[in-house]
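**Student:** one predicted model, sequence on top.
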Amino acid sequence: MKIRNRITLWTSLAGMVSTVVLSLIVFLWGLETPYEFLDQELEIRAQTLAEEMARQQAAGASGNGDTLELFSHLYWARIYDAGGRPLFTSRLAREIELPLKKGDQGYLVPTDIPLNRFYAEEDDQPTGFWNRVFVVPTGGATYQVHVARPVENLVGESIESALMIGSALLASALILIVVSYLVAGRILRPVREINRLTAEITAKTLETRIPLAGNRDEIDELAASLNEMFNRLQYSFLRQKEFVANASHELKTPITLLRLSMEETLQDEQLPPSLQDKLLAQERALARISRLVKSLLDLSRLELSETLELERFCLNRLVGSVVEEFQLPMQEQEVRFTGRLAGELPICADKEKIRRMLINLFDNAIRYNRPGGEIECRTGTGEEGEILLTVANTGPEIEPADRTRIFDQFYRCEKSRSMVHGGAGLGLTIVKRIVELHGGCITVESAPAMTRFWIVLPPDIAE
């Protein structure tokens with residue numbers, strides 16, 4: 001699960017728990033509050049009735065006067081003396097019988113009587129009577145007052161309240177989820193930006209750094225730590241490239257001296273044939289090592305250098321001169337060349353690097369071709385003015401799994417790039433680096449009959 005979804009989930013759960021707890025408290029408080037108000041009202045009414053009863057008894061009245069009826073209007077009321085004998089029964093109590101339950105707690109007695117009988121503005125829902133029994137000492141006597149008030153169905157009201165609260169909880173949950181998702185996205189936006197920038201940083205763009213927001217928060221600390229790591233990586237990569245370049249440069253001279261010494265020794269006519277064969281094998285091994293060192297030195301220079309020595313020249317003429325250099329190897333392999341070069345095609349680029357790129361491409365095209373095969377080279381311009389160059393040969397097909405790695409250093413395909421062809425596995429790596437330095441791109445297409453390398457250079461190098 002993504003961090004954004006986890007933040008949304010936990011934030012929503014925390015908000016829902018707190019909302020549910022608060023809603024329960026409000027709901028329970030809402031259930032108790034009406035009964036508390038009713039208890040207070042009934043207690044005042046019982047006290048008033050008891051005091052009036054005490055006053056009438058003190059005056060010698062019977063306890064059924066109009067004053068008590070007035071005080072008990074719309075109330076169900078019965079007054080008992082200390083012995084439990086009824087002293088007063090209100091008009092409503094004479095019509096409706098309600099049970100007497102002694103205790104300090106009120107109780108609800110539901111009936112089928114419509115509520116609008118007592119309150120004209122109410123509907124015809126069934127009436128309930130909220131009952132309380134009070135023991136009231138007053139005027140030197142103690143009275144037991146059973147008083148009740150007609151109320152609406154509080155249970156139904158509670159169910160409606162619960163439904164309303166549930167609906168509100170559902171709506172708040174949806175709002176909370178949406179808000180949490182948006183807030184989580186805003187919080188994680190810098191992390192996504194860091195992730196994007198980090199993914200774009202490669203071995204060739206290690207100088208790129210993640211900008212700091214200046215908030216001095218955990219995200220800024222993460223960006224600073226990543227920048228420090230990139231600094232260390234860049235330093236290590238530069239040291240590695242410098243080491244390869246220096247080592248290649250230092251190896252070049254002794255290998256050249258060894259080859260010269262080996263060639264001088266081979267010119268001795270008195271060498272035994274067996275020793276001459278061994279020296280020839282060693283000379284061929286030295287030649288391969290020399291080519292490897294030269295390729296490593298060229299690649300290191302290309303990786304360490306980001307600058308180009310631009311000059312104006314004709315690309316097609318350069319292609320023709322490189323083809324002339326490969327006339328002898330093509331004749332030995334019986335490979336024919338087909339050129340489709342469009343006009344002069346002047347460009348402004350690094351001529352020596354472009355020459356090296358062409359040499360590597362033609363060398364591969366000859367090396368991995370079949371006897372009697374063909375090499376085809378095409379040049380031209382695209383619809384937006386870009387320079388197009390293709391070099392194709394009739395060599396073995398490159399498997400799809402190998403095409404994505406054919407430009408990697410020292411990578412060899414199992415069939416077409418085996419050791420029998422020689423080479424160090426750096427030629428195409430150098431070609432790709434030269435193309436990238438000029439802002440272009442290179443791709444490969446391969447079929448059983450033809451393997452083709454496509455090079456596209458940006459239009460700004462065209463004259």
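**Tutor:** That came in fine, so what should we check first?
**Student:** switch to C-alpha atoms for all contacts and neighbour counts from now on
**Tutor:** Noted.
**Student:** show me what counts as buried in stretch 201-219.
**Tutor:** Neighbour counts over stretch 201-219 (16 or more other Cα atoms under 10 Å) mark 206, 208-210, 212, 219 as buried.
**Student:** same question for stretch 344-362.
**Tutor:** Quick answer for stretch 344-362 (16+ other Cα under 10 Å): 345-351, 353-362.
**Student:** isn't Val191 right up against Ile219?
**Tutor:** Yes: under the criterion of Cα atoms under 8 Å, Val191 makes contact with Ile219 at 7.0 Å.
**Student:** ok, back up a step: distance to Trp10, secondary structure and pLDDT added to the buried residues of stretch 201-219, as TSV?
**Tutor:** Putting the buried residues of stretch 201-219 into TSV (distance: Cα to Cα, whole Å; DSSP: H, G, I helix; E, B strand; the rest coil; pLDDT from 0 to 100) gives the following:
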residue	distance to Trp10	secondary structure	pLDDT
Leu206	37	coil	70
Thr208	36	coil	78
Arg209	33	coil	81
Ile210	30	coil	79
Leu212	29	coil	81
Ile219	21	helix	79
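**Student:** how about low-confidence regions in the stretch 301-450 of the chain?
**Tutor:** 301-306, 410-425 (pLDDT under 70).
**Student:** please apply the same query to the stretch 101-250 of the chain.
**Tutor:** Along the stretch 101-250 of the chain, segments meeting pLDDT under 70 span 153-161, 203-205, 240-250.
**Student:** helix or strand for Asp112, which one?
**Tutor:** strand 107-114 (DSSP states H and E).
**Student:** just checking, what packs against that strand?
**Tutor:** strand 126-138 (3 or more Cα pairs under 8 Å, 6 or more residues apart in numbering; DSSP states H and E).
**Student:** helix, strand, or coil at the most far-flung residue of the chain relative to its centre?
**Tutor:** Distance from the C-alpha centroid of the chain peaks at Gly60, with 90.1 Å (Cα atoms, centre = their mean). Under the three-state scheme (DSSP: H, G, I helix; E, B strand; the rest coil), Gly60 adopts coil.
**Student:** relative to Leu68, how far out is it?
**Tutor:** Applying Cα to Cα, to the nearest Å, the value for Gly60 to Leu68 is 15 Å.
**Student:** not counting the helix or strand harbouring Leu92 itself, show me its contacts.
**Tutor:** Leu92 belongs to helix 91-95 when assigned by DSSP H and E. Outside helix 91-95, the residues that touch it by Cα atoms under 8 Å, 6 or more residues apart in numbering are 69, 74-78.
**Student:** just the buried residues out of those, in ChimeraX syntax.
**Tutor:** This is how ChimeraX selects the buried members of these, with burial counted by 16+ other Cα under 10 Å:
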select :69,74,75,76,77,78
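**Student:** who touches the strand holding Asp112?
**Tutor:** Strand 107-114 is contacted from outside by 98, 123-132, 153, using Cα under 8 Å, 6+ apart.
**Student:** buried stuff in the helix holding Leu92?
**Tutor:** Buried, per 16+ other Cα under 10 Å, within helix 91-95: 91-93.
**Student:** what lines up beside the strand holding Asp112 in the sheet?
**Tutor:** strand 126-138 (antiparallel) (DSSP bridges).
**Student:** now Tyr181, nearest residue through space, not along the chain?
**Tutor:** Thr8 (5.1 Å; Cα to Cα, 6 or more residues apart in numbering).
**Student:** and the one you found, what element?
**Tutor:** Applying DSSP H and E, one finds Thr8 within helix 3-58.
**Student:** which secondary structure elements does that helix contact?
**Tutor:** Using 3+ Cα pairs under 8 Å, 6+ apart as the test, helix 3-58 ends up in contact with helix 66-71, strand 126-138, strand 141-151, helix 154-200.
**Student:** please identify which of the ones you listed is closest to Asp104.
**Tutor:** Ranking the helices and strands packed on helix 3-58 by distance to Asp104, with Cα to Cα as the measure, places strand 126-138 first at 7.3 Å.
**Student:** nearest residue to Gly373 in space, please, no chain neighbours.
**Tutor:** When the adjacent residues along the chain are set aside, Gly373 lies closest to Val335, with 4.9 Å between them (Cα to Cα, 6+ apart).
**Student:** wouldn't the one you found be in contact with Glu376 here?
**Tutor:** No: using Cα under 8 Å, Val335 is not in contact with Glu376; the gap is 10.4 Å.
**Student:** higher neighbour count, these two?
**Tutor:** Remark: of Val335 and Glu376, Val335 carries more neighbours, 21 against 18, as counted by other Cα atoms under 10 Å.
**Student:** and what about Gly439, helix, strand or coil?
**Tutor:** Going by three-state DSSP: Gly439 is coil.
**Student:** report pLDDT for the residue farthest from the centre of the chain.
**Tutor:** Looking at Gly60, its pLDDT is 74.
**Student:** also Leu68?
**Tutor:** 87.
**Student:** what's the answer for the one 3 residues further on, then?
**Tutor:** Listed pLDDT for Phe71 reads 87.
**Student:** please name the nearest non-neighbouring residue to it.
**Tutor:** That would be Leu49: by Cα to Cα, 6+ apart, it lies 6.8 Å from Phe71.
**Student:** quick one, what contacts that neighbour?
**Tutor:** 68, 71-72, 145.
**Student:** filter these down to the buried ones, ChimeraX style.
**Tutor:** With 16+ other Cα under 10 Å as the criterion, this ChimeraX line picks the buried residues out of the contacts of Leu49:
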select :68,71,72,145
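**Student:** and the contacts of Leu49 as JSON lines, adding distance to Ile366?
**Tutor:** As requested, the contacts of Leu49 are exported to JSON lines (distance: Cα to Cα, whole Å):
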{"residue": "Leu68", "distance to Ile366": "125"}
{"residue": "Phe71", "distance to Ile366": "121"}
{"residue": "Ser72", "distance to Ile366": "119"}
{"residue": "Val145", "distance to Ile366": "119"}
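**Student:** closest to Val17 out of the contacts of Leu49?
**Tutor:** Checking the contacts of Leu49 against Val17 with Cα to Cα, the nearest one is Val145 at 45.2 Å.
**Student:** Glu263: which element?
**Tutor:** Residue-wise, Glu263 maps onto helix 218-266 under DSSP H and E.
**Student:** report the distance from stretch 197-204 to the chain centre.
**Tutor:** 18 Å (Cα atoms, centre = their mean, to the nearest Å).
**Student:** returning to that earlier point: taking helix 154-200 as reference, get the angle to the strand holding Asp112.
**Tutor:** For strand 107-114 against helix 154-200, the angle by axes from the mean of the first three to the mean of the last three Cα atoms, to 10 degrees is 110 degrees.
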